[in-house]
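# missing the sequence, but the structure's below:
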């Protein structure tokens, strides 16, 4: 892969109060159009003149010329730039050049001056592979999705390959709290001891019991998944249930389980700060090699309405229809 010289304009002011939606602003469109025009015309001085006064102080014209020259040497002329979205007030463009594609990112102020720009390699977004086996929710009653979805804001799991589509689920009361009284004991938590069942017909790959439940707020980082069950479907999908209550796992390796069959009770074992269910699907047994599979449940009641083939996201209150 060609090297990209990273150019970041150091700002002496911030764009406080400026917020953007996910449509291209006039300022961003103007700056990108001018950048393309001057870049292809071989006019780095004109690109430098697009910078805000503060950015010109932070970055010399020589550095701007070096950045443009390096980009042109490695990638050639700029053919088209497709706006994707905004990330932290930077407009992100999928940018096609003669010799490849990059992400070119610009930040502008209210005067249409550029206050930040950098380039990095473009990586095509991975297609989310959904589950093949039909899944039903593995619990009764209404649960709240604490982590779930496709963004870092919705789901901190996405940084880990095997569990990038994982869910963490808790039970909450009408005020949104997951516990009663002071929450200092596991029994205070509504999810603790709740039955968890197989979401589909499967075979038990492994079952772990005997790990102590944590005191709420403290975590066992040595035995991260705690008491757990890994299921294998007929379609070679692997479903992990983690953090069962100690002594409640009802299945063992090699067992064949049916949809709805009891696996154990929700607990607080392993790398867990409070009783909850960690649930995810992966494409192979080896945790170090597996890639997470996006889980869609066959039918789910979400905020009173029933949805089919639905993958819950953070904040959803879900139950079986």
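Looks like it arrived, so ask away. Just so it is clear, the model here is predicted, and its values are computed rather than measured.
# quick check: the residue lying closest to residue 312 once chain neighbours are set aside vs residue 167, distance?
Using Cβ to Cβ, 6 or more residues apart in numbering and skipping the chain neighbours, the partner closest in space to residue 312 is residue 145 (4.7 Å). Where C-beta positions appear, they are placed from N, C-alpha and C, glycine not excepted. Taking Cβ to Cβ, to the nearest Å as the measure, residue 145 and residue 167 are separated by 6 Å.
# can you check which residues contact both of the two?
The contact sets of residue 145 and residue 167 overlap at residue 312 (Cβ atoms under 8 Å, 6 or more residues apart in numbering).
# the more surrounded of the two?
In terms of neighbours (other Cβ atoms under 10 Å), residue 167 is the more surrounded of residue 145 and residue 167; the figures are 26 against 21.
# quick one: the nearest residue to the more buried one once chain neighbours are set aside from residue 95, how far?
Of all residues beyond its chain neighbours, the one nearest residue 167 is residue 148 (4.4 Å), with distances taken as Cβ to Cβ, 6+ apart. For residue 148, the distance to residue 95 (Cβ to Cβ) stands at 33 Å.
# do the same with residue 111
Counting by Cβ to Cβ, the separation of residue 111 from residue 95 is 24 Å.
# strands of the stretch 1-150 of the chain, start to end?
78-87, 90-97, 100-108, 114-121, 143-147 (DSSP state E, counting those that start in this stretch).
# adding mean pLDDT, write those strands out as a markdown table.
Below are those laid out as a markdown table (pLDDT from 0 to 100):
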| stretch | mean pLDDT |
| --- | --- |
| strand 78-87 | 89 |
| strand 90-97 | 92 |
| strand 100-108 | 91 |
| strand 114-121 | 87 |
| strand 143-147 | 97 |
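# just for the stretch 101-250 of the chain, where's the confidence low?
For the stretch 101-250 of the chain, applying pLDDT under 70 flags the ranges 124-128.
# and the residue lying closest to residue 138 once chain neighbours are set aside, how many neighbours does it have?
Closest residue to residue 138 in three dimensions, ignoring its sequence neighbours and counting by Cβ to Cβ, 6+ apart: residue 199, at 4.7 Å. For residue 199, the count of nearby residues is 27 (other Cβ under 10 Å).
# do the same with residue 33
When neighbours are defined as other Cβ under 10 Å, residue 33 has 11 of them.
# got the contact list for it?
No contacts exist for residue 33 under Cβ under 8 Å, 6+ apart.
# distance of it relative to residue 99?
Using Cβ to Cβ, one gets 22 Å for the distance from residue 33 to residue 99.
# again, but for residue 233
Distance, residue 233 to residue 99, using Cβ to Cβ: 44 Å.
# what about the two, which has more around it?
residue 233 (20 against 12).
# backbone dihedrals for the residue lying closest to the more buried one once chain neighbours are set aside, please?
Counting by Cβ to Cβ, 6+ apart, residue 133 is the residue found nearest to residue 233 once chain neighbours are left out, at 4.3 Å. The phi and psi torsions at residue 133 (degrees, to the nearest 10) take the values phi -70, psi 140.
# surely residue 133 and residue 235 touch.
Yes - contact status for residue 133 versus residue 235: in contact at 5.0 Å, counting by Cβ atoms under 8 Å.
# common neighbours of these two, please.
None of the residues lies in contact with both residue 133 and residue 235 under the rule Cβ under 8 Å, 6+ apart.
# what's stretch 170-181 in contact with?
Contact partners of stretch 170-181, identified using Cβ under 8 Å, 6+ apart, comprise 141-144, 146, 183, 188-191, 194, 216, 274-277, 317.
# can I have the buried ones of the residues you listed as a PyMOL selection?
The following PyMOL command selects only the buried members of the contacts of stretch 170-181, with burial defined by 16 or more other Cβ atoms under 10 Å:
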select buried, resi 143+144+146+188+189+190+191+194+216+274+275+276+277+317
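# where strands are concerned, which of the contacts of stretch 170-181 count?
143, 144, 146, 277, 317 (DSSP state E).
# what's the domain layout of the chain?
Dividing the chain into domains by automatic domain parsing, as the record does, gives the ranges 26-121, 143-319.
# how about the ones you listed in TSV, adding distance to residue 137?
Formatted as TSV, those follow (distance: least, Cβ to Cβ, whole Å):
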stretch	distance to residue 137
domain 26-121	32
domain 143-319	6
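# which of the ones you listed sits closest to residue 129?
With distances scored as Cβ to Cβ, the stretch of those nearest to residue 129 is domain 143-319 (5.4 Å).
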